[in-house]
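Visitor: predicted coordinates and the sequence they were generated for:
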Amino acid sequence: MEYSQKNTNSITEGIVWKQLLIFFFPLLLGTFFQQLYNTVDAIVVGRYVGKQALSAVGGTTGTLINLSVGFFIGISSGATVTISQFFGGKNESKVSDSVHTAIGLAILGGFVIMIIGFFGAPLALRWMGTPEDVITYSLQYIRIYFLGMIANLIYNMGSGILRAIGDSKRPLYFLIVSCVINIVLDLLFVVGFHWNVIGVAIATVISQAVSAILVCKALIKTDESYKLELKKIYLHPGLLKKIINIGLPAGMQSLMYTSSNVVIQSTINSFGTDTVAAWTAYGKIDGIFWMILGAFGISITTFVGQNYGAGNKERIKAGVKTCLIMSMGVAILLSIFLYFSGPYLFKLFTTDPSVIDIGLFMIYSIVPFYASFVPIEIFTGSLRGLGNTLLPMIMTGLGVCVLRVSWVIFAVPIWPSIKTVIMSYPITWIVTSILFIIYFRYYIKKEKI
C-alpha cells in the first residue's frame with residue numbers, strides 16, 4: 001500500500017523548521033477555533049445572562065472538565081506516539097491495530113467519565129466551595145457537558161490519530177465547522193430562546209458530536225493503513241499496554257496539573273463571585289497562550305515520534321532546538337501583546353468594573369512569565385515522542401503540583417490575597433523549567449541522540 005501525501009506531512013524529511021511550521025499552523029488554527037467556541041460561550045452568557053453564569057461556564061466547572069478530559073487526552077497521547085512511531089517505520093499492520101485500539105479506548109473512557117462526571121458533579125462543586133449564587137448554573141452546565149463526553153473523547157482521539165500520521169489539516173476543518181455550529185446555537189439558544197447556561201451546554205455538546213462524526217468519517221473513508229473499520233474496533237492487549245505505558249504518565253501529569261488547579265480554584269472561590277468571574281475571563285484570555293504552546297508541544301511530539309521510528313536521530317535534535325527557539329519567541333511576543341491589550345480584552349466578557357480590575361491584576365502578574373513555561377512544554381513533548389513519559393511526570397508532579405499546592409497551603413494563610421495565590425504560577429514554572437533543562441540534556445547524552 002502506498003502512503004498518500006495528500007493529507008499527510010512527511011516530517012521525516014525536508015527542511016526542519018518548514019516541516020514543523022507546515023504541521024504547526026493548521027494545528028494552531030484548530031486549537032484557536034476550539035478556544036474560540038469556548039470563549040464565545042463565556043462572552044454570550046457573560047453579556048446576556050450575568051456574571052454568575054459567566055462563572056458557571058468557566059471557573060470551577062472548567063477545572064473539573066479539564067481534570068477528566070485532560071487525563072484522558074494525556075492517555076490518548078500514548079496512542080498518538082505509538083501510531084506515529086509505527087507510521088514512521090512503515091509498519092502498516094501495527095498502525096491499523098493501534099487505530100482500532102485507540103478508538104475502543106475512547107469509547108470506553110468516554111462512557112466511564114460520563115457516568116462519574118454526571119453523578120459526581122454535585123459533590124465536586126460543593127467540595128470546591130463554589131459560591132451559592134453560582135452553583136445552580138454550574139451544575140446545569142457541567143451535567144449536560146458530561147453527557148456529551150463520548151463524542152468529545154472520540155473526536156480528540158480521532159484527531160490525535162490524524163496528527164500522528166502528519167495530518168493536521170482535517171482536524172482544523174472539523175473544528176471550524178464545529179465552531180460555527182456552536183456560535184450559531186449559542187446565540188439561538190441563549191439570546192433567542194433564553195435557555196441561559198443550559199443553552200450553552202447543549203450547543204457545546206451538539207457541536208462536539210458533529211466534530212466526532214466528521215473525524216470518524218475521515219478515518220472510515222480513507223484507504224490508508226489508519227483506516228477505521230467499526231467491526232474491527234478492539235482493545236488489542238499488547239498495543240493497549242504500550243499505549244497505557246506511554247500515555248498513563250502523561251495522563252497523570254495532566255491530572256496533577258489540573259488537581260493543583262482545583263486547589264487554586266477552591267482558594268479563588270473563597271474570594272467571592274467577582275474574583276471567580278475575573279478568573280474565568282482571564283482563563284479565556286490566558287487560553288491564547290496555551291493553545292499556541294500546546295500546538296508547538298503536539299507538533300514536536302509528532303515530529304520526534306515519526307523521526308524516532310525512522311531512526312533519524314540528528315533530525316530529532318535539530319527539530320527540538322528549532323521548536324524551542326520558535327516557541328520562546330512567540331511566548332515573548334504574546335506576553336507583550338496581552339499585557340498591553342488586557343483592558344480591551346476583558347471588556348469583551350463583562351462591563352463590571354470590579355471584575356475587570358481584578359482580571360487586569362491577574363494579567364499583569366502572570367503573563368510576563370509565560371516564557372518560563374516554554375522549556376517544560378517542548379521538552380515534555382520531545383520526551384513523549386521518544387516514548388519517555390515517566391520521569392517527566394515525576395518532575396512535573398514535584399516542580400509544579402507539589403510545590404504549587406504547598407505554596408497555597410502554607411503561604412496563602414500568611415498573606416491571604418489573590419496576589420499570593422497567582423504568584424504560585426511563575427514560581428513553579430521557573431523551578432520546573434530548570435529541572436527539565438537539566439534532565440533533557442542528560443537524557444539526550446545518555447541515549448546518544
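Guide: Looks like it arrived, so ask away.

Visitor: what does the worst-scoring helix or strand of the chain on mean pLDDT contact?
Guide: Across the helices and strands of the chain, mean pLDDT, DSSP states H and E gives its lowest value to helix 51-56, namely a mean of 75. Helix 51-56 is contacted by residues 42, 45-46, 131, 133-134, 137-138, 140-141, 196-197, 273-274, 276-277, 280-281, 349-350, 352, 355 when judged by Cβ atoms under 8 Å, 6 or more residues apart in numbering. From N, CA and C alone the C-beta is placed, and that goes for glycine too.

Visitor: tell me which strands and helices the strand or helix carrying residue 408 is in contact with?
Guide: Assigned by DSSP states H and E, residue 408 falls within helix 403-411. Applying 3 or more Cβ pairs under 8 Å, 6 or more residues apart in numbering; DSSP states H and E, one finds that helix 403-411 makes contact with helix 237-269, helix 424-447.

Visitor: now, of the contacts of helix 51-56, which are buried?
Guide: 42, 45-46, 131, 134, 137-138, 140-141, 196-197, 273-274, 276-277, 280-281, 349-350, 352, 355 (16 or more other Cβ atoms under 10 Å).

Visitor: out of these, list just those in strands.
Guide: The strands in this structure, assigned by DSSP state E, contain none of the buried ones among the contacts of helix 51-56.

Visitor: if we can go back for a sec, now the helix holding residue 408: buried residues?
Guide: Buried-residue list, helix 403-411, by 16+ other Cβ under 10 Å: 403, 404, 405, 407, 408.

Visitor: nearest residue to residue 94 other than its sequence neighbours?
Guide: Residue nearest to residue 94 in three dimensions, not counting chain neighbours: residue 86, with 4.3 Å by Cβ to Cβ, 6 or more residues apart in numbering.

Visitor: just the pLDDT for that neighbour.
Guide: Looking at residue 86, its pLDDT is 91.

Visitor: count the neighbours of it for me.
Guide: Per other Cβ atoms under 10 Å, the neighbour tally for residue 86 reads 27.

Visitor: what do you get for residue 292?
Guide: Neighbourhood size, residue 292 [other Cβ under 10 Å]: 21.

Visitor: quick check: it touching residue 28?
Guide: Yes. Between residue 292 and residue 28 a contact is recorded at 6.1 Å, counting by Cβ atoms under 8 Å.

Visitor: can you list the weak-confidence ranges in the stretch 151-300 of the chain?
Guide: Within the stretch 151-300 of the chain, not a single segment meets pLDDT under 70.

Visitor: can you give me the helices for it?
Guide: 169-186, 196-221, 237-269, 273-310 (DSSP state H, counting those that start in this stretch).

Visitor: over to the stretch 1-150 of the chain?
Guide: Using DSSP H, counting those that start in this stretch, helices in the stretch 1-150 of the chain cover 16-48, 51-56, 59-88, 92-127, 132-147, 149-164.

Visitor: closest to residue 311 out of these?
Guide: helix 59-88 (8.7 Å; Cβ to Cβ).

Visitor: flag the shaky bits of the stretch 1-150 of the chain, pLDDT-wise.
Guide: 1-10, 37, 58-60.

Visitor: mind redoing it with 50?
Guide: Along the stretch 1-150 of the chain, segments meeting pLDDT under 50 span 1-6.

Visitor: tell me the angle of the strand or helix carrying residue 325 relative to helix 273-310?
Guide: In the assignment (DSSP H and E), residue 325 maps to helix 313-346. If you take axes from the mean of the first three to the mean of the last three Cα atoms, to 10 degrees, helix 313-346 sits at 160 degrees to helix 273-310.

Visitor: report the rounded mean pLDDT for helix 313-346.
Guide: 93.

Visitor: show me what that helix is packed against.
Guide: Using 3+ Cβ pairs under 8 Å, 6+ apart, helix 313-346 is in contact with helix 16-48, helix 273-310, helix 353-366, helix 374-385.

Visitor: figure out how far the second one is from the centre of its chain.
Guide: Put plainly, it is helix 273-310. 6 Å (Cα atoms, centre = their mean, to the nearest Å).

Visitor: now the first one
Guide: Helix 16-48 sits 11 Å away from the centroid of its parent chain (Cα atoms, centre = their mean).

Visitor: and it, what's buried?
Guide: 16-17, 19-20, 22-24, 26-47.

Visitor: can I get the helices of the stretch 151-300 of the chain in a markdown table including distance to residue 115?
Guide: Below are those laid out as a markdown table (distance: least, Cβ to Cβ, whole Å):
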| stretch | distance to residue 115 |
| --- | --- |
| helix 169-186 | 24 |
| helix 196-221 | 16 |
| helix 237-269 | 18 |
| helix 273-310 | 27 |
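
Visitor: hang on, the earlier thing: deepest of the helices and strands packed on helix 403-411, which one?
Guide: Comparing those by mean neighbour count (mean count of other Cβ atoms under 10 Å), helix 237-269 ranks first with a mean of 21.

Visitor: which helices and strands does that one pack with?
Guide: Using 3+ Cβ pairs under 8 Å, 6+ apart: helix 237-269 touches helix 59-88, helix 92-127, helix 273-310, helix 374-385, helix 390-396, helix 403-411, helix 418-422.
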